[in-house]
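Student: Quick one: sequence and predicted model below, then my questions.
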Amino acid sequence: MELWYTIVDLLPFDWAQPGSMYFMKNALLAVLVISPLFGLLSTMVVESRMSFFSDALGHSAFTGIAIGTLLASAWRLFAGVDPMWIAVLFAVGFALLFSVVRRRTSLASDTVIGVFSSTAVALGIFLATFGGGSFTKYNALLIGDILSVEPMKIGLMALILLVVIVLWVRSFNQLMLASVHPALADSRGIRVFWQEAVFSAAIAVVVTVTMTWVGLLVINSLLVLPGAAARNIARNMRQYHLISLLSALVAGIAGLLTSYYIGSSAGASITLYLAIFFAVTFCFRKQRL
């Protein structure tokens, strides 16, 4: 981290002065790590028509946090365990179960997502209020606080980013074909279920870890808006992914700075910048023709 702090000290901002405001410097590094993740995953979410799925994963992550908090308070074995790790396991299991059910049912994807999402919400609220407990201690999850990010979790997200990039390089064509035309992908020998399962698990981990940074209420928007905006103006797949990644990165930095100088929520600020970018690209969408 010392090398990062030395680089940030060169920036012309009041919070970038040497030896001060490390929380802001950590938050900037977190944005630089998670923005490319959201930008890349957003393209698959949009192409797979899975925007509601990422929202359902947010609900499952909240349920996982509630389970972790309950276990930590009830069982000495889980005392001191960060509820986030339990939430990650629960969200990944939730995503894999969803992939299995969607593969084996004739119901539409949005119906299956609705079933899983509503169940996750109900279970999370039930556990959060179990025994007369107060829901207010979970309010921070709804809005998020990227200024409280820890260097260890930034390192975790950097590792996840590296894994996603490797998967992208090795399996991009298969992932895209499986999302656009599953039947054709099956006929080409592509294991569509495992492609979907890995993709779902990646989203689950990203949503769970970053939920406390950007907030449950807007995290789904960060997984939809970059890809949706890029889809408006991209002429080919390379432009599509590049525009999605860059829009997420620019909006992330702008949203963080805005939240610092005017005291707003970072997650909400990032989302609004992405929404503005979507509106602009929507106006120029005909240029793709």
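Tutor: Here it is on my side, so go on.
Student: ok, now which ones touch residue 18?
Tutor: Residues counted as contacts of residue 18 (Cβ atoms under 8 Å, 6 or more residues apart in numbering) are 5, 9. (Glycine included, C-beta is placed from N, CA and C.)
Student: so residue 113 makes contact with residue 98?
Tutor: Yes - shown here, residue 113 and residue 98 form a contact pair, counting by Cβ atoms under 8 Å, at 7.5 Å.
Student: In terms of neighbours, single out the busier of these two.
Tutor: Taking neighbours as other Cβ atoms under 10 Å, residue 113 and residue 98 compare with residue 98 leading, 25 against 21.
Student: so which helix or strand takes in that one?
Tutor: Using DSSP states H and E, residue 98 sits within helix 83-104.
Student: outside of that helix, which residues touch it?
Tutor: Contact with helix 83-104 is made by 53, 56-57, 60-65, 67-69, 71-72, 78, 109, 112-113, 116, 120, 193, 196-197, 200-201, 203-205, 207-209, 211-212, as judged by Cβ under 8 Å, 6+ apart.
Student: where does the stretch 1-150 of the chain dip in pLDDT?
Tutor: For the stretch 1-150 of the chain, the stretches flagged by pLDDT under 70 are 74-80, 133-135, 137.
Student: coming back round to it: let me know the angle separating whichever helix or strand comes after the helix holding residue 98 from helix 83-104.
Tutor: Along the chain past helix 83-104, the next helix or strand (assigned with DSSP H and E) turns out to be helix 109-128. Counting by axes from the mean of the first three to the mean of the last three Cα atoms, to 10 degrees, helix 109-128 points 150 degrees away from the direction of helix 83-104.
Student: Can I get helix 109-128 in PDB? Just the C-alpha atoms.
Tutor: Taking Å, rounded to 0.1, in the frame of the first residue of the first chain, the C-alpha atoms of helix 109-128 are listed here in PDB:
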ATOM      1  CA  SER A 109     -35.800 -17.100 -16.200                       C
ATOM      2  CA  ASP A 110     -37.600 -14.000 -14.800                       C
ATOM      3  CA  THR A 111     -40.100 -16.300 -13.000                       C
ATOM      4  CA  VAL A 112     -37.300 -18.400 -11.400                       C
ATOM      5  CA  ILE A 113     -35.400 -15.200 -10.500                       C
ATOM      6  CA  GLY A 114     -38.600 -13.800  -8.900                       C
ATOM      7  CA  VAL A 115     -39.000 -16.900  -6.800                       C
ATOM      8  CA  PHE A 116     -35.400 -16.900  -5.600                       C
ATOM      9  CA  SER A 117     -35.300 -13.100  -5.000                       C
ATOM     10  CA  SER A 118     -38.500 -13.000  -2.900                       C
ATOM     11  CA  THR A 119     -37.400 -16.000  -0.900                       C
ATOM     12  CA  ALA A 120     -34.000 -14.500  -0.200                       C
ATOM     13  CA  VAL A 121     -35.600 -11.200   0.900                       C
ATOM     14  CA  ALA A 122     -38.100 -12.900   3.200                       C
ATOM     15  CA  LEU A 123     -35.400 -15.100   4.700                       C
ATOM     16  CA  GLY A 124     -33.100 -12.200   5.300                       C
ATOM     17  CA  ILE A 125     -35.700 -10.000   7.000                       C
ATOM     18  CA  PHE A 126     -36.900 -13.000   9.100                       C
ATOM     19  CA  LEU A 127     -33.400 -13.700  10.300                       C
ATOM     20  CA  ALA A 128     -32.500 -10.000  10.800                       C
END
